[in-house]
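>>> sharing a model that was predicted from the sequence below.
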Amino acid sequence: MSAKRKSENDQLREARLAALNLMQDAVAARQQAEQAAAALRESEARIQQALRVSRSFTFEWEPATDRVQRSGSCIAILGLTGDQAAHDTGQQYFQRVHPGDRARFMQMLADLAPTNPDYEVTYRYVRADGVELVIDETGQGSFDAAGQLQRLVGVGADVTARKQAEAAAAAANRQMQDLIDNTTALVYACDLEERFIVANNALAVLLKTTPAQLIGKRRHEFMPPADADAHEAADRKVIATGQAVEFEEHSELSGRSITWLSTKFPLRDEQGRIYGVAGIVTDISARKRAEEQIQQLNATLEQRVLERTDQLAIANAELEAFCYSVSHDLRAPLRSMDGFSRILLQDYAAQVDVTGQDYLRRVRAACQRMGQLIDDLLRLSRLTRAEMRYREVDLAELARTITGELRQGTPGRSVDCQIAEALPVMADGELLTAALRNLLENAWKFTGQQAQARIEVGMLPGDEAPPVFYVRDNGAGFDMAHAGKLFGAFQRLHTASEFPGSGIGLAIVQRVIHRHGGRIWAEAAPGQGATFYFTLGAREAGDGQHQSAR
Amino acid sequence: MDNISQPGKSILLVEDNPDDEALTLLALRNAHIGNKVVVARDGVQAVEYLLGEGRGELPGMVLLDFKLPKWDGLEVLRRLRANERTRLLPVVMLTSSTVEQDVQESYRHGASSYVFKPVDFDEFVAVLRPACAYWLARAGAVASRR
């Protein structure tokens, strides 16, 4: 090969190499450009996504051309079609600003100047479909040398949802404030630094300020330091322990002594963390005064009861002395009358004729009868004074014992006694025996003329409290028209020749029943028997709840 | 006094009421207790008779009314029991009181028996008779009058 050819070949090869290098550079450059473009697209996509998610759009407006360029996110937010968005102008946009906010908006634009290029504005925007939005807009103007606005660049954000939430929160807040302002109690809440976050009108009035003035401040600005410290200490205890407390406190306010009932409780957020303390403080002075009055009245009453008890004790002692005297002295003359009549009948029968002897016997009978009356009266009086000794007594068992004795005492009588199986009661055994004996003796006596005498002792069915017991007979009975006299001492509904008796029996029964806090009443008709019903107050046996509650 | 025979010891009746005195004497008669009865009309007289100077032989028993002027029955009883001479002398309390406290006080002061005087004279005879008969017999001094 010639040198020339060789050099041509070399040149060719060099040129090819150079071209190859250029090509490689070009490919590399294109690759780089493609990578950059891809990165740009990706970045752009991210921005678009961020704008969509935050319901924001960017814009750029040239006043000279009135052209507006916006990010794609504006389509969804402003309710525009793609075509509308592409050809939208500034003036068209201003028309869609809510008429109520438009003037302010335009004034804001007019006020922009090289010295005042930035702005922030919130306004209502009415979409083509009528939906009203709240737009939060931030922007910046750029100006030419003459100070004319060249361009406006900014970001608009749809804050409708946030504004609605804020309005709802404000409404709820107003509602709470209305509620707490319309109670006479003092209502407040403080944060952990003891600054008021809630305060009602009553508290503000007391502290001679307004609720709004209280918010964000500590008590020390409104009350003496010692009081403020005490209140804060109580608050802090609630915060520290997390426990609600209720207590009474007193304060002197404009010459008035007030008793407060304070309830304090911790405030917790959704995670349960304490963020403050709230208090509801009620003026209970009126209630306190009423309580004190009641206490005073009670004390007076107690004093009166004591006095009355003393008087009663004196009366009782007098009665005791009287009874003692009666038992001693009243019988003595009777003994003389009876004794000497007896001796007259015995020793002087020859001198006294039959009629005279009959009169003497009548004198003796009268003496003995009066002796009996005195005995009965003393018995009745003792029943009134004896101390009650409660124990469990079985009325049925008692009735069986007494009717058994009556049967033995009158062997000629045949009486059908129907007595309940068991009638347990809490009662004074001695007194109740006396009462039941009198009732049964009556029944026994007044069935004396019955061919088939029957006496029943039992309890009325049903769960009446206290239970009602009864003693029923099919004897002579009586007219209910005279029932009022039934339980009076020495009252008799039958003549002594019909049925003997002093008339003290039912008075004793009634006294015993009354001493047990019970009631007694009767139902009867002449010739149809009588039923005596009675209760024994609240101390019935087996009434465990009442017993233990006592 | 109509005592046909008066063997044995006497009975001292301490009674301030003349009616009761007469009735008790009549009751003793009806009860066929024939012992001589000496009557003292108050507590002081009774104690003087039993323990004072110029006292005679002790009676077989004392019927002592509960309620008496000056010293009452319990006071008399206390004094009799405090003295060696009359410490064991049978003393039957006579009273118209059925007050349980009186009965207990009497026994606490050393009464031998407690006799309630009923309104009915025959009942009185019926209770007086065994009480007197018993204590006089204990004293070996019963004098039955038939």
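Cool, the structure landed.
>>> how close does residue A:145 sit to chain B?
From residue A:145 over to chain B the distance is 133 Å, taken as CB to the nearest CB, to the nearest Å. C-beta here means a position set from N, CA and C on the backbone, and glycine is covered the same way.
>>> what kind of secondary structure is that residue in?
Following DSSP: H, G, I helix; E, B strand; the rest coil, the label given to residue A:145 is coil.
>>> what's the neighbour count on it?
6 (other CB atoms under 10 Å in any protein chain shown).
>>> pull the contacting residues for it.
Counting by CB atoms under 8 Å, 6 or more residues apart in numbering or on different chains, residue A:145 makes contact with nothing.
>>> if we use 10 Å, what do you get?
residue A:114 (CB atoms under 10 Å, 6 or more residues apart in numbering or on different chains).
>>> can I assume residue A:533 sits in a strand?
Yes: judged by three-state DSSP, residue A:533 forms part of a strand.
>>> isn't it up against residue A:523?
Yes: look at residue A:533 against residue A:523 with CB atoms under 10 Å: they come within range, at 7.3 Å.
>>> which neighbours do the two share?
A:470, A:472.
>>> which stretch of helix or strand covers residue A:85?
Under the criterion of DSSP states H and E, residue A:85 resides in helix A:82-87.
>>> ok, residues contacting that helix?
A:57, A:67-72, A:74-75, A:78, A:80-81, A:92, A:128.
>>> one more pass at 6 Å, please.
The contact list for helix A:82-87, computed with CB atoms under 6 Å, 6 or more residues apart in numbering or on different chains, reads residue A:75.
>>> same question for stretch A:336-356.
Taking CB under 6 Å, 6+ apart as the rule, stretch A:336-356 contacts A:357, A:360, A:363-364, A:367, B:19, B:23, B:26, B:119, B:121.
>>> quick one: the helix holding residue A:85 to chain centroid distance?
Helix A:82-87 sits 67 Å away from the centroid of its parent chain (CA atoms, centre = their mean, to the nearest Å).
>>> buried set for it?
residue A:85 (16 or more other CB atoms under 10 Å in any protein chain shown).
>>> tell me the helix or strand right after it.
Immediately after helix A:82-87, counting by DSSP H and E, sits helix A:90-96.
>>> list the buried residues in that following helix.
Applying 16+ other CB under 10 Å to helix A:90-96 flags A:90, A:93, A:96 as buried.
>>> for residue 67, which non-adjacent residue is closest in space?
Using chain A. Distance criterion CB to CB, 6 or more residues apart in numbering or on different chains; nearest residue to residue A:67, sequence neighbours excluded, is residue A:89 at 6.7 Å.
>>> chain B was what I was after
residue A:328 (5.6 Å).
>>> just the pLDDT for the one you found.
The model reports residue A:328 with a pLDDT of 73.
>>> run through the chain and note the low-pLDDT ranges.
Reading this off chain A. A:1-6, A:253, A:489-502, A:538-550 (pLDDT under 70).
>>> oops, wrong one, chain B.
For chain B, applying pLDDT under 70 flags the ranges B:1-7, B:139-146.
>>> kindly recompute the last result at 80.
Flagging of chain B using pLDDT under 80 yields the residue ranges B:1-8, B:54-56, B:96-100, B:138-146.
>>> for chain A, what are the nearby residues on it?
Contact residues (CB under 6 Å from any CB of the partner chain) of chain B with chain A: B:19, B:23, B:26, B:67, B:96-97, B:99, B:119-121.
>>> which of the helices or strands spans the residue in chain B positioned nearest to chain A?
Closest approach of chain B to chain A (CB to the nearest CB) occurs at residue B:119, with a separation of 3.3 Å. Using DSSP H and E, residue B:119 is not contained in any helix or strand.
>>> I'd say it and residue A:333 touch.
No: assessed by CB atoms under 6 Å, residue B:119 is found out of contact with residue A:333, at 9.6 Å.
>>> neighbour count for these two, which is higher?
Shown here are residue B:119 and residue A:333; by other CB under 10 Å, residue B:119 has more neighbours (26 against 14).
>>> now the more buried one, nearest residue through space, not along the chain?
Residue B:119 sits nearest to residue A:371 (CB to CB, 6+ apart), 3.3 Å away.
>>> list the buried residues for the helix or strand hosting that neighbour?
Using DSSP H and E, residue A:371 sits within helix A:354-385. Under the neighbour-count criterion of 16+ other CB under 10 Å, helix A:354-385 has A:360, A:363-364, A:367-368, A:370-371, A:373-378, A:380-383 buried.
>>> stretch B:113-129 too?
B:113-121, B:123-125, B:127-129.
>>> again with stretch B:11-22
Buried residues in stretch B:11-22 (16+ other CB under 10 Å): B:11-17, B:20-21.
>>> before we move on, what about stretch A:236-251?
Those buried within stretch A:236-251 under the rule 16+ other CB under 10 Å are A:238-239.
>>> what's the end-to-end length of that stretch?
Start to finish, the residues bounding stretch A:236-251 are 20 Å apart (CA to CA, to the nearest Å).
>>> for that stretch, which outside residues touch it?
So stretch A:236-251 is contacted by A:258-266, A:274, A:277 (CB under 6 Å, 6+ apart).
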